[in-house]
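Asks: The sequence and its predicted three-dimensional model are supplied below.
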Amino acid sequence: MNKNVERTLILFKPDSVQRALVGEILTRFERVGLRIVGTKMQAPAREHYEAHYEDIGKLKTRAGEQIFGITLDMMNKGPVIAMVLEGVEAVSLVRKLVGGTEPKSAAPGTIRGDFSHMSYGYADGEGKGIPNLIHASGDPEEAVQEIKHWFSDDELYDYEATHEKFTR
């Protein structure tokens, strides 16, 4: 695999699953040439999220115990769809498509800018997590760790998509 071809993890969070936005969001990733190499729906235990958000993402270290706890509570409100996407510079491309973490300030045309609207201030005032639809790996190294956390090697597939002559 070319060093510029990357894999990245995305999680369709409970709010995107429950709002029936998964198909519309996934279409955006496929339209830019990313291909799905792994996918599954699951409702992981809290410990799985603790490892994802702190052992890999360092959320508690960066944002504190309260934000960490609120995030884990929000993620446990329903099933998620975990997916591995592959493409040229996939990590940064997905981050660009997803938009900023705070939906209120996410640019129009991004997934969060188009399908969510809540501000940090409102969520903090209500003592709740911010429903921002999707998790996307922050950088290539984090993507490798997250993919290993969510998928075994035999759950990831390699195949050639017909559009790759235009996207790779």
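Replies: Arrived safely. Residues are numbered from 1 along each chain as shown.

Asks: quick one: low-confidence parts of this structure?
Replies: 1 (pLDDT under 70).

Asks: list the helices and strands the helix or strand hosting residue 37 packs on?
Replies: Assigning secondary structure by DSSP states H and E places residue 37 in strand 35-42. Contact here means 3 or more Cβ pairs under 8 Å, 6 or more residues apart in numbering; DSSP states H and E; on that basis strand 35-42 packs against strand 80-88. All C-beta spots, glycine's among them, are computed from the backbone N, C-alpha and C.

Asks: Contacts for the strand it packs on next, please.
Replies: Strand 80-88 has contacts (Cβ atoms under 8 Å, 6 or more residues apart in numbering) with 2, 4-14, 17, 22, 26, 29, 32-44, 93-94, 147, 150-151, 156, 167-168.

Asks: Do you have the helices of this structure handy? List them.
Replies: 14-18, 22-31, 46-50, 59-63, 65-75, 90-98, 111-115, 120-126, 140-150, 164-167 (DSSP state H).

Asks: got a list of what the residue most central in space within the chain touches?
Replies: When Cα atoms, centre = their mean is applied to the chain, the residue found nearest the centroid is residue 135 (2.4 Å). Shown in contact with residue 135 (Cβ under 8 Å, 6+ apart): 9, 10, 11, 13.

Asks: Among the residues you listed, name the ones in strands.
Replies: Per DSSP state E, strands hold the following members of those: 9, 10, 11.

Asks: Let me know the closest of these to residue 77.
Replies: Nearest to residue 77 among these, counting by Cβ to Cβ, is residue 11 at 13.1 Å.

Asks: Lovely, talk soon.
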